[in-house]
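Asker: here is my input, please return the structure:
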Amino acid sequence: MSDRGSGISRAVFSHRPLVIMAGAMTVLFAVATVGLIVDDRTLVNASLWAKPWKFSISIALYTVTLSWMITLLPKWRRAGWWAGTVVAVALAADMVLLVWQIAFRGRQLHFNVAGELDRTINGWLANAAFTAWGATLVLGVLLLFQKLPDKAQASAVRGGLAVALTGLMLGMLMFGPKPEQEAMWQAGMKSPVVGGHSVGVPDGGPGLPLIGWSTTGGDLRIPHFVGMHALQLLPLLAALLLMLATRFPVLRDELVRRRLMRTATAGYFGLVALVTWQALRGQSIVRPDFWTMAAGAGLVLGVAAAVWGVLAVTPAPDIRKTPALHDLK
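Answerer: As a prediction, this is how the structure comes out:
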C-alpha cells in the first residue's frame, strides 16, 4: 500500500470508539442481511430486519466519516475526540434499543406508545438521538473555526456537516401527531402510535424494495436520508474534483474548487428542500407532479448556471506555473 493509502487508512480508523461502532454495524448489517433472507416475520408490512439493515449501513458510514473528520482538527483535537466519543456512545445506545425492540420483542420501534415500556424506549431513543446530534454540532463548530490546508475540502466538510445536521433535524417532522391520531384523541380514544413516516397515506403501504419509501404518498424519511448523507457525498465530490485536476488544469486552483463546492452545497440544500416540500404535500418520490418536476428542473439549471459561471470567469491557468497534483494534498 502507498504512503498516501496508509495515511488515509490511519485517518479513517483513528478514532477507536467510532471505528468500533462502525465495525459493530458491519456485523449487524451481515446479520440483518441473513435475516432478510431466512426470516419471514414482518412489522408494519415490512421485513422485521429491514430497519436494522438500513440503520446499520447509515450509521457505519456516518461513524467512519466522523472519524476521518476529527483528524482534520489541527487544534482542539481533544474536544473533537470527546465529541466523537459521545456520538459513538449515543448511537450505540440507539442501536441496542432498536435491536432489542424489533428483533427480540418483535415490536414497532418508532412512534410506538402502546405500552409503558414502549414509551420508555421511545424516550431513551429520542434522548440518545438528540445527544448524537448535539455532539455532531459541536464537531461542526470546531471545524468551522479551523484553518484547513485545502479550501475546497474545508467547504466540503463544513457544507456536508451543515446539510447533514439539517437532514437529521428534519427527522423530527415524523414525530408530530397525524390528523387521524388527533381525531382519535378528540373522540376520547388512545392511539397506539404517535407520528409516522408517511404523509397522506398510512404507514406500511406499498413502498420501494428494502428502503420502503412510500410509492403512494409522501415519505418524510426521504429528506432525512438525503440530508444525512451529505456528510459523505460532499467530501467525496471534493476528492473527485481533486482527482480531475490531473486532467483539467482549471481545477488545480483551489479557489475554483472551493467555489464549485459552495455551489454544490447550495444545490444540495435545494435538493433537501425540494424532497421535503414534496413529502409534506403527500406526494410519492416516484410520482412527482408538474410543480415538483418544474422546481427540480429549475434547481438543476440554477446549479448548472452557477458552475458555468465559476468556470467561465476563471482565466486559463499557465500550466508551467500550475502546481503538480501532489502539491494540492
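Asker: drop to CA atoms for contacts and neighbour counts, all remaining ones
Answerer: Noted.
Asker: walk me through the domains of this structure.
Answerer: Following automatic domain parsing, one finds the domains of the chain at 1-147, 173-202+216-329.
Asker: out of the ones you listed, the one nearest Val163 is which?
Answerer: Of all these, it is domain 173-202+216-329 that lies closest to Val163, at 5.5 Å by CA to CA.
Asker: run the chain-centre distance for the closest one.
Answerer: Here domain 173-202+216-329 is found 11 Å from its chain centre; the criterion is CA atoms, centre = their mean, to the nearest Å.
Asker: next: stretch 158-166.
Answerer: For stretch 158-166, the distance to the chain centre is 9 Å (CA atoms, centre = their mean).
Asker: give the contact list for the closest residue to Val138 other than its chain neighbours.
Answerer: Nearest non-adjacent residue to Val138, counting by CA to CA, 6 or more residues apart in numbering: Ala83, 6.7 Å away. Counting by CA atoms under 8 Å, 6 or more residues apart in numbering, Ala83 makes contact with Ala135, Thr136, Val138, Leu139.
Asker: neighbour-wise, which one of the residues you listed leads?
Answerer: Top of these by neighbour number is Leu139, holding 26 neighbours under the definition other CA atoms under 10 Å.
Asker: three-state assignment of that one?
Answerer: Secondary structure, DSSP: H, G, I helix; E, B strand; the rest coil: Leu139 is helix.
Asker: shouldn't it be in contact with Arg78?
Answerer: No. Assessed by CA atoms under 8 Å, Leu139 is found out of contact with Arg78, at 10.9 Å.
Asker: where are the low-confidence patches of the chain?
Answerer: 1-13, 314-329 (pLDDT under 70).
Asker: buried stuff in the host helix or strand of Phe29?
Answerer: Element membership for Phe29 (DSSP states H and E) is helix 16-38. For helix 16-38, a neighbour-count test (16 or more other CA atoms under 10 Å) marks 17-26, 28-29, 32-33, 35-36 as buried.
Asker: report the strands that pair with the helix or strand following that helix, each with its relative direction.
Answerer: Once helix 16-38 ends, the next helix or strand along the chain (criterion: DSSP H and E) is strand 42-43. With DSSP bridges as the test, strand 42-43 is paired with strand 46-47 (antiparallel).
Asker: chain center to the partner strand, what's the gap?
Answerer: Mean C-alpha position of strand 46-47 versus that of the full chain (CA atoms, centre = their mean) differs by 22 Å.
Asker: got a list of contacts for that strand?
Answerer: Leu36, Asp40, Arg41, Gly204, Gly212.
Asker: distance of the nearest residue to the second one once chain neighbours are set aside from Leu143?
Answerer: Using CA to CA, 6+ apart and skipping the chain neighbours, the partner closest in space to Asp40 is Ser47 (6.8 Å). As for Ser47, its distance to Leu143 is 39 Å (criterion: CA to CA, to the nearest Å).
Asker: settle it for me: which of those two has more neighbours?
Answerer: Between Ser47 and Leu143, counting by other CA under 10 Å, Leu143 is the more crowded of the two (24 against 19).
Asker: buried ones in the helix or strand containing the more buried one?
Answerer: Assigned by DSSP H and E, Leu143 belongs to helix 116-144. Of the residues in helix 116-144, 118-119, 121-122, 125, 128-140, 142-144 count as buried by neighbour count, 16+ other CA under 10 Å.
Asker: do stretch 101-110 as well
Answerer: Residues of stretch 101-110 classed as buried: Gln101, Ile102, Ala103, Arg107, Gln108, Leu109, His110 (neighbour count, 16+ other CA under 10 Å).
Asker: that older thread, in a markdown table, list the domains of the chain along with distance to Val157.
Answerer: A markdown table is the format used below for these (distance: least, CA to CA, whole Å):
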| stretch | distance to Val157 |
| --- | --- |
| domain 1-147 | 8 |
| domain 173-202+216-329 | 6 |
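Asker: nearest to Gly160, of the ones you listed?
Answerer: Nearest to Gly160, of all the domains of the chain, is domain 173-202+216-329, at 4.3 Å by CA to CA.
Asker: pull the contacting residues for the residue nearest to Arg221 when sequence neighbours are not counted.
Answerer: In space, and not counting its chain neighbours, Arg221 is closest to His197: 6.2 Å by CA to CA, 6+ apart. By CA under 8 Å, 6+ apart, the contact set of His197 is Met174, Asp203, Asp219, Leu220, Arg221.
Asker: repeat that for Trp49.
Answerer: Ala32, Thr33, Gly35, Leu36, Ala103.
Asker: one more: Gln181?
Answerer: Neighbouring residues of Gln181 by CA under 8 Å, 6+ apart: Ser191, Val193, Val194.
Asker: tell me how far the residue nearest to Val138 lies from Arg287.
Answerer: Distance of Ala83 to Arg287, given as CA to CA: 40 Å.
Asker: ok, Tyr268 next?
Answerer: Counting by CA to CA, the gap from Tyr268 to Arg287 is 21 Å.
Asker: repeat that for Leu280.
Answerer: 14 Å.
Asker: and these two? Which one has more around it.
Answerer: Higher neighbour count among Leu280 and Arg287: Leu280, with 17 against 14, using other CA under 10 Å.
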